[in-house]
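Enquirer: give the three-dimensional model of this entry:
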Amino acid sequence: MSPKKTNTVKQSDIKDDKGDKNAAISLSPKRRKTSPPSLITPSKGREEQHIGGSNVSRRQLKIETDGAVSDDSDSMENHDVKSPTRRIFGRDTEIASVQSNTRQVYNLVKQLTGSIGGNGHGGAIYGELTTGSMQKMVDLMKIHTNLGPDSRFIDVGSGLGKPNLHVSQDPGVEFSYGIEMEHVRWMLGMSNLKVVLDEAYKQEMEGTVSGNDKIGHRCIFQHGDITEANYFDPFTHVYMFDIGFPPKLFKQLGEMFNRSQSEYLICYHGPKLMVDRYGFNVELIIQAPTSMHGSSEGHMGYIYRRKGKTSKIGHGLDLLDGVPCDKLFTKAWKSCKQNIGKHLESVQVQVTQSLNSKRPTRKRKAVIKV
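Expert: Purely as a prediction, here's the structure:
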C-alpha cells in the first residue's frame, strides 16, 4: 500500500501578479481606510436620536466655497475644508481654516495660560474644544445662523474665554460676552482678555494692520451667576459647553431662553434632553462632532433655532440703541461699545481691583473645655 501524498507548497512556487517568485506573503488582513468625519444633519421628518444609542439615517453636508450648502458628497472639489490629517489619537480630523487675527489671539492666550489652561476646580466640569473644532462650530454658525458683525454672542460658563475671544475675531461680532461663576477662572479669562486688548490697542496706534489681521476688541467677561438675569436679551446666539450642567440649571436656562428674543442656541446635548426633558423651545438645525484639548474625548455639537413665534419683549428691560437688554448685561455692553482705549482701561481697572482685593479672613472659634 503506497503512502498518501501530501500537497506541499514551496516558497519558490508562489508568484505575485507580476510573476515575482520572491514576493512575500502578507498573512495579516488589509487595514480598512478610515474616512474623515463628515458633518451630519437629521433626516427630514425624523427626530435626531443620537442620545440613547439608536441610529438614524445620515446625510453628508458639503460646504461650497461660495457659502452654499448641498448634500452631494461624491465630489470633494471646491470644499472649503482642508484634507484630513492623522492626529495623536489615531483619528482623521478635518482642519478648518483659521483667520490670522484668530490665530494671533490663540497664541497670546497660549503664552499666558497654556494650550489647555487650568484651574478647573470648583466647576461642574472642565474642558475646551480644540481650535479646529471651535472654528468648525463657528463656520457652521456663520452658514446656518447668520453669525456676523451684527450678532451678539453669550457664553454661559465662559471659563478662560476662548469661544468669546474667537467670535470677537471671526466673524467679529458686535458684542461677545462671557459669564463665569468660578472667580479664579474668571480672573484667568480677564487676564487673557487684557493681553489681547493690549495687542489690539498697539495695532490701533500703529495703524499698519487691517482686515483679518487686525485683532477685534468687542469682548468682555463678567464674574457672576447667569440665573440672576431674567432674559437672554440682547443676545442673538446663546452658547454653552453644557457637559456637566445640573438638571436644575438646565430647567432655569430653558425657561429663560423661551421668554427671551434670542434666536439661536448652541450646546452639546441633543434634542432628547434639550427639548423633551428641559423644555427648550427650539428645533435642531445641524450637528457636528468636536474634539477636546489633550484628550481623546469628543462631544457632538448641536445648533438649534427657536421654534415658532418669537416671545414678546419682557418687562423691565433696558433699551440700548433700540435693542432690549437685561440689566445684568447692560454695563458690559456699554463697555464694549467704547473705543479700544477706553475699553482696555475699563478691563485694566477690573483686573487690578480683583488682584488687590484682600482674601477673606477666618476667625478662630474659642475652644471651650469641659
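
Enquirer: what are the buried residues along stretch 141-158?
Expert: Within stretch 141-158, the residues that qualify as buried are 141-145, 147, 151-158, counting by 16 or more other Cβ atoms under 10 Å. Using the backbone N, CA and C atoms, a C-beta is placed for each residue, glycine as well.

Enquirer: average pLDDT across it?
Expert: Averaging pLDDT along stretch 141-158 yields 97.

Enquirer: count the neighbours of G224 for me.
Expert: 15 (other Cβ atoms under 10 Å).

Enquirer: for it, give its distance to Q287.
Expert: 30 Å (Cβ to Cβ, to the nearest Å).

Enquirer: for this protein, what's the longest helix?
Expert: The residue-count maximum for a helix in the chain (DSSP state H) belongs to helix 183-206.

Enquirer: on that earlier part again, and the two most separated of the buried residues of stretch 141-158?
Expert: Using Cβ to Cβ, the pair of the buried residues of stretch 141-158 lying farthest apart is I143 and G157, separated by 25.2 Å.

Enquirer: tell me the secondary structure for S176?
Expert: Classification of S176 using DSSP: H, G, I helix; E, B strand; the rest coil returns strand.

Enquirer: do L355 as well
Expert: L355 ends up helix, using three-state DSSP.

Enquirer: mind listing what it touches?
Expert: M187 (Cβ atoms under 8 Å, 6 or more residues apart in numbering).

Enquirer: what does the pLDDT read for it?
Expert: For L355, the model assigns a pLDDT of 82.

Enquirer: now swap in the one 3 residues further on and tell me
Expert: What the model reports as pLDDT for K358 is 65.

Enquirer: for the one 10 residues further on, same thing?
Expert: Note on I368: pLDDT of 62.

Enquirer: same check on L319?
Expert: 93.

Enquirer: ok, and the closest non-adjacent residue to it?
Expert: In this structure, L319 finds its nearest non-sequential neighbour in C325, 7.1 Å apart by Cβ to Cβ, 6 or more residues apart in numbering.

Enquirer: if we can go back for a sec, note down every partner strand of whatever helix or strand comes next after the longest helix of the chain and its orientation.
Expert: Scanning forward in sequence from helix 183-206 by DSSP states H and E, the next helix or strand is strand 219-223. Here strand 219-223 is paired, per DSSP bridges, with strand 175-180 (parallel).

Enquirer: which intervals of the stretch 151-300 of the chain have sub-threshold pLDDT?
Expert: In the predicted model of the stretch 151-300 of the chain, no residue satisfies pLDDT under 70.

Enquirer: packing partners of the host helix or strand of M141?
Expert: Per DSSP H and E: M141 is located in helix 131-144. In terms of contacts (3 or more Cβ pairs under 8 Å, 6 or more residues apart in numbering; DSSP states H and E), helix 131-144 is packed against helix 162-167, strand 264-267, strand 282-291, strand 298-306.

Enquirer: got TSV for these, with mean neighbour count and distance to P246 too?
Expert: Shown next, in TSV, are these (neighbours: other Cβ atoms under 10 Å; distance: least, Cβ to Cβ, whole Å):
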stretch	mean neighbour count	distance to P246
helix 162-167	25	21
strand 264-267	24	14
strand 282-291	20	20
strand 298-306	20	18
